[in-house]
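> below are the sequence and a predicted model for it; my questions follow.
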Amino acid sequence: MKKSKNIKKLLKSIDLTKIYEPLEAIKILKE
């Protein structure tokens, strides 16, 4: 149970970086 929870958390954080990094790149390009 605990292991799968950690994996889900990890996948969530990876997804967030996938979304967040391009947004940051766009911000930098716009400036």
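That came through, no problem. Numbers count the residues shown, from 1 in each chain.
> so how far is Ile7 from Lys18?
16 Å (CB to CB, to the nearest Å). To be clear about C-beta, it is placed using only N, CA and C from the backbone, and glycine gets the same treatment.
> hang on, I meant Lys27
To Ile7, Lys27 is 31 Å away according to CB to CB.
> so where's this protein shaky on pLDDT?
Along the chain, the parts satisfying pLDDT under 70 run over 1.
> ok, now with 50
Within the chain, not a single segment meets pLDDT under 50.
> tell me where it has helices.
Ranges of helices in the chain, per DSSP state H, are 2-30.
> residues touching Asn9, list them.
Quick fix: residue 9 reads Lys, not Asn. If you count contacts by CB atoms under 8 Å, 6 or more residues apart in numbering, Lys9 has none.
> Glu21 now?
Taking CB under 8 Å, 6+ apart, one finds nothing in contact with Glu21.
> export stretch 15-27 as CSV, just CAs?
Extracted C-alpha coordinates of stretch 15-27, given in CSV (Å, rounded to 0.1, in the frame of the first residue of the first chain):
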residue,chain,number,x,y,z
ASP,A,15,3.8,15.4,-14.2
LEU,A,16,4.1,18.7,-12.4
THR,A,17,7.6,19.3,-13.6
LYS,A,18,6.5,18.4,-17.2
ILE,A,19,3.9,21.2,-17.0
TYR,A,20,5.9,23.6,-14.9
GLU,A,21,9.2,23.6,-16.9
PRO,A,22,7.6,24.6,-20.2
LEU,A,23,5.7,27.4,-18.4
GLU,A,24,9.0,28.7,-17.0
ALA,A,25,10.7,28.5,-20.4
ILE,A,26,7.8,30.5,-22.0
LYS,A,27,8.1,33.2,-19.2
